[in-house]
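[1] sequence-free structure coming up:
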C-alpha cells in the first residue's frame with residue numbers, strides 16, 4: 001500500500017493494478033494494509049502535478065470496485081474514507097476513459113447496497129449529470 005502514496009506515476013499505476021488483480025483473493029488483507037485512503041486519493045487526484053495518470057486512476061477505481069465486491073465491511077470502510085464522491089465524480093467526467101468510468105460505476109453500485117447510501121448516490125448522480133444526455137442542465141430554460 002505504501003507504493004500508492006508516493007513515487008513515480010508508473011510505479012503508482014502498477015501498484016494500483018496489482019491490488020486490483022489481487023483484490024478477489026485478498027480483499028481483507030489489502031484493506032487492512034491501509035490501501036483504501038491512497039486508492040481513494042488516486043481516484044480523486046487532479047492532474048496538476050500529483051503524478052497521477054488516467055491509467056492509474058482507472059486501476060485505482062478497479063481496485064476499489066473489486067475490494068468492495070461481496071465485502072460489506074470493505075464497503076463501509078470505503079465510505080468512511082470518503083470514497084463515494086470521488087467515484088461519482090470520475091464516472092461523471094466527460095473526458096474520463098470508458099474503462100475508468102465503468103470501474104467507478106461498478107464500485108458505486110457496490111457501495112449503494114445500503115439504502116441510505118443508495119439515496120445519496122442518486123442525489124450525487126443527479127448533480128453530476130450521470131442520468132440523461134451530457135451537456136443538458138436541468139436548470140436551463142428555453143424561455144430566454
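    Perfect, I can see it now. As the structure is a computational prediction, the values presented were derived from the model and not from experiment.

[2] which secondary structure element contains the residue nearest the centre of the chain?
    Nearest to the geometric centre of the chain sits residue 87, at 3.2 Å (C-alpha atoms, centre = their mean). Taking DSSP states H and E as the definition, one finds residue 87 inside helix 84-92.

[3] Whatever helix or strand comes next after that helix to helix 84-92, inter-axis angle?
    Remark: after helix 84-92, the chain's next helix or strand is helix 98-111, criterion DSSP H and E. Angle between the axes of helix 98-111 and helix 84-92 is 140 degrees (criterion: axes from the mean of the first three to the mean of the last three C-alpha atoms, to 10 degrees).

[4] Can you mark which positions in the helix or strand following helix 98-111 are buried?
    Sequence order places helix 115-127 as the next helix or strand after helix 98-111, per DSSP H and E. Burial within helix 115-127, assessed by neighbour count using 16 or more other C-beta atoms under 10 Å, is assigned to 117, 120, 121, 124, 125. In this view, the C-beta of every residue, glycine as well, is placed from N, C-alpha and C.
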